[in-house]
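Asks: Need a 3D model of the sequence below.
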Amino acid sequence: MVRIATVCRHAFAGLAVSMTVTTALCAQRVTAGKPVPEIDLPTLSGARMQLSALRGRPVVLTFWGTWCQPCREEFPALVAARRRHSVAQLEVVAVNQRDQELSTKSVQAFVTEYHVDFPVLLDARGSTRRRFQIVGLPTTLFVDAAGVVQRVHIGAMDTLQLAQGLALILPP
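Replies: This is a model prediction of the structure:
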């Protein structure tokens, strides 16, 4: 009986190690100088969007939540930046952590309140957040037109930090 328990314990331990390795291989810490991983999520409007569809344009990618006070503080600047740099084809994409929200209605109310005119993606189960290894909200990625991350900013971002990130991805 002891031998069977030992074999089962080793088999379970091996399975746990295998699952950990698989999860680690699937997760990609997003860093500057690396291609941005693909995102394929539903939008708030009900469509689906792939980040790769924006290749050829600079992208500000923000991970956020309606309950996050720093997210609320920086959203007006993101909306303004999108409008100000529309000629440069700047895209802003907001990945909402829907698994941490009360409802999709609260996300829609936020979008309406802040006059958001860019895509809002719903990470319903947090899988994109985990795959990107996002550790805090907001987290903002500045991605150049070639799809390469130029800067990752974790936490609240002031207007100077936003301008510095945009300078890395917008044409001169």
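
Asks: ok, Arg57 to Pro42 distance?
Replies: Distance from Arg57 to Pro42, counting by CB to CB, to the nearest Å: 21 Å. (Glycine included, C-beta is placed from N, CA and C.)

Asks: Now stretch 99-111: average pLDDT?
Replies: For stretch 99-111, mean pLDDT is 94.

Asks: contacts for it?
Replies: 44, 65-67, 72, 75, 96, 98, 116, 120, 122-126 (CB atoms under 8 Å, 6 or more residues apart in numbering).

Asks: Most neighbours among these, please name it.
Replies: When neighbours are counted by other CB atoms under 10 Å, Asn96 leads the contacts of stretch 99-111 with 27 neighbours.

Asks: what's across from it in the sheet?
Replies: The partner list for Asn96 in beta bridges (DSSP bridges) reads Trp64, Leu122.

Asks: That one and Pro119 touch, don't they?
Replies: No: using CB atoms under 8 Å, Asn96 is not in contact with Pro119; the gap is 10.5 Å.

Asks: what do those two both touch?
Replies: Leu44.

Asks: Mind checking which of the contacts of stretch 99-111 are in strands?
Replies: Among the contacts of stretch 99-111, the ones falling in strands (DSSP state E) are 96, 120, 122.

Asks: Let me know the closest of those residues to Arg48.
Replies: Arg48 has its nearest neighbour among the ones in strands among the contacts of stretch 99-111 in Leu122, at 10.3 Å by CB to CB.

Asks: Can you tell me the SS state at Thr62?
Replies: State at Thr62, reduced to three classes by DSSP: H, G, I helix; E, B strand; the rest coil: strand.

Asks: how about the helices in the protein?
Replies: 2-26, 69-84, 104-113, 127-132, 159-169 (DSSP state H).

Asks: Do you know the pLDDT at Thr20?
Replies: 36.

Asks: for Arg130, that is, sorry about that
Replies: Arg130 is given a pLDDT of 94.

Asks: cool, and Ala5?
Replies: 44.

Asks: Ser103: how many residues sit nearby?
Replies: By other CB under 10 Å, the residues close to Ser103 number 10.
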